[in-house]
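1. Sequence first, predicted model second:
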Amino acid sequence: MEWGIVYFKARDGSVPADDFLDACPAKIEARFYAVLEAVRAAPPPQFSGGGYWEAMHGEMGGFHEIRLTGPGRRQYRLFCILDNADPDGLRERGFDRPQIAVIAGMVKDSGKKFSGRDYAGVKALGGQYSEGFPRLIAS
Amino acid sequence: MARRHKLDTTYHDRRLARRLKEDPEFRAEFERQRREIDQIDSIVRQLDTLREQAGMSKAELARAIGKEPSSIRRFFTADVNPELKTVAAVADVLGAEVKVVATKKTRARKARSRDRRAAA
């Protein structure tokens, strides 16, 4: 079954992934979409995403990220959660099929690392998303 | 009792459709990337199918190419970017090979070029 793709919408009405994608160069934005579409068409555990889609570990366990390199070796990351459950669980979330929930994105210079605070921010947004019944999404 | 409030989940599709329509640069890159990603995904999935047909576990395959079983599990589940040398090693153990084949479009262009040279 092909999955859906939804974007987390924060309680303040902002859509962090939208803001991030809007600020990306067009080619990077297009690549993010291409990876998302590939993963939705052949969701895990199948291999998909051309190697750009990776499960995160450690403190970011439970998230997946799309890792792209842009102009000037800038590193673009889009953070997602795979939102799947049995049919009743999906209905409770407001869905009729599993979803790739796009939470937020970040960018950094090559060789730099995101700080613990950066990741904590993404985790907090992911937490807001996962606590919502139905889910908080852009529509 | 599960609630039954179905959400509108078409936002992404509408956004993508709008971007494809309004920005030719976006569209060209999106289509190019889809082709590229589809090729990579197809190669890895074909190798996994060959592995299953050979009755070989991922751990056995890993041992056959001198890798850790966890690295081959990740290889087949998109947890890592597949390295070309791993692709080639896995293909070899499974009795396959990785080939690059020109697309129909490229073959047609070469044929036209040959015809032009012959006519000159």
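-> Looks like it arrived, so ask away.

2. going forward, measure contacts between C-alpha atoms and count neighbours the same way
-> Fine.

3. which of the residues in stretch A:77-92 are buried?
-> Across stretch A:77-92, burial judged by 16 or more other Cα atoms under 10 Å in any protein chain shown covers A:Arg77, A:Leu78, A:Phe79, A:Cys80, A:Ile81, A:Leu82, A:Asp83, A:Gly89, A:Leu90, A:Arg91, A:Glu92.

4. Would you check how far apart B:Glu36 and A:Ala104 are?
-> Shown here: B:Glu36 relative to A:Ala104, a distance of 25 Å by Cα to Cα, to the nearest Å.

5. if you count what's nearby, which of those two comes out ahead?
-> A:Ala104 (25 against 15; other Cα atoms under 10 Å in any protein chain shown).

6. out of the buried residues of stretch A:77-92, which are inside strands?
-> The members of those that map onto strands under DSSP state E are A:Arg77, A:Leu78, A:Phe79, A:Cys80, A:Ile81, A:Leu82, A:Asp83.

7. Now for B:Arg73: which residues touch it?
-> B:Lys58 (Cα atoms under 8 Å, 6 or more residues apart in numbering or on different chains).

8. How about the secondary structure of it?
-> Assigned with DSSP: H, G, I helix; E, B strand; the rest coil, B:Arg73 falls in the helix class.

9. Contact partners for B:Leu16?
-> A:Tyr33.

10. on that earlier part again, out of the buried residues of stretch A:77-92, which touch chain B?
-> By Cα under 8 Å from any Cα of the partner chain, the members of the buried residues of stretch A:77-92 lying near chain B are A:Gly89, A:Arg91, A:Glu92.

11. hang on, the last one packs against A:Ser130?
-> Just to be clear, that refers to A:Glu92. No. The criterion here is Cα atoms under 8 Å, and A:Glu92 misses it with A:Ser130 at 11.8 Å.

12. continuing past the least confident helix or strand in chain A by mean pLDDT, what's the next helix or strand?
-> Lowest on mean pLDDT, DSSP states H and E among the helices and strands of chain A sits strand A:53-55, with a mean of 91. As assigned by DSSP states H and E, the chain's next helix or strand after strand A:53-55 is strand A:64-69.

13. what does that next one contact?
-> In contact with strand A:64-69 (Cα under 8 Å, 6+ apart) are residues A:28, A:31-32, A:35, A:52-56, A:75-82.

14. how about it: buried residues?
-> Applying 16+ other Cα under 10 Å to strand A:64-69 flags A:His64, A:Glu65, A:Ile66, A:Arg67, A:Leu68, A:Thr69 as buried.

15. Check stretch A:43-60 too.
-> Across stretch A:43-60, burial judged by 16+ other Cα under 10 Å covers A:Pro43, A:Phe47, A:Ser48, A:Gly49, A:Gly50, A:Gly51, A:Tyr52, A:Trp53, A:Glu54, A:Ala55, A:Met56.
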